[in-house]
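1. sequence plus predicted model, see below.
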Amino acid sequence: MKADTEKCISCMRCVAICPKKARKLNKVLLFAASQKMKKACGGRKKNELFL
Ligand code: SF4
């Protein structure tokens with residue numbers, strides 16, 4: 001089964017919740033993604049309101 005690339009936001013929820021562990025991530029890609037996310041998600045940020 002392939003994800004619809006137009007809709008998928010790469011949240012990895014499907015990987016986390018599949019009871020059959022049918023979806024997996026390549027360890028190298030997972031490491032690269034975690035490094036990228038560390039930069040964006042590292043540290044607490046101030047609340048912001050966008051209208
Ligand atoms: S659960 Fe997340 S990663 Fe999986 S297909 Fe849906 S949007 Fe993509």
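-> Perfect, I can see it now.
2. from what I can see A3 touches V15, true?
-> No: contact between A3 and V15 fails when scored by Cβ atoms under 8 Å: they sit 10.4 Å apart. To be clear about C-beta, it is placed using only N, CA and C from the backbone, and glycine gets the same treatment.
3. now do the end-to-end distance for stretch 38-50.
-> Start and end residues of stretch 38-50 are separated by 24 Å (Cα to Cα, to the nearest Å).
4. with stretch 31-49 instead?
-> The first residue of stretch 31-49 is 32 Å away from its last residue (Cα to Cα).
5. now check it, is it near the ligand?
-> No: if you take Cβ under 6 Å from any ligand atom as the test, stretch 31-49 misses the ligand, and the best it gets is 11.3 Å.
6. and that stretch, how far out from the chain middle?
-> Taking Cα atoms, centre = their mean, to the nearest Å, one finds stretch 31-49 lying 12 Å from the centre of the chain it belongs to.
7. and it, average pLDDT?
-> Stretch 31-49 carries an average pLDDT of 86.
8. outside of it, which residues touch it?
-> Residues from elsewhere that reach stretch 31-49 (Cβ atoms under 8 Å, 6 or more residues apart in numbering): 10, 25.
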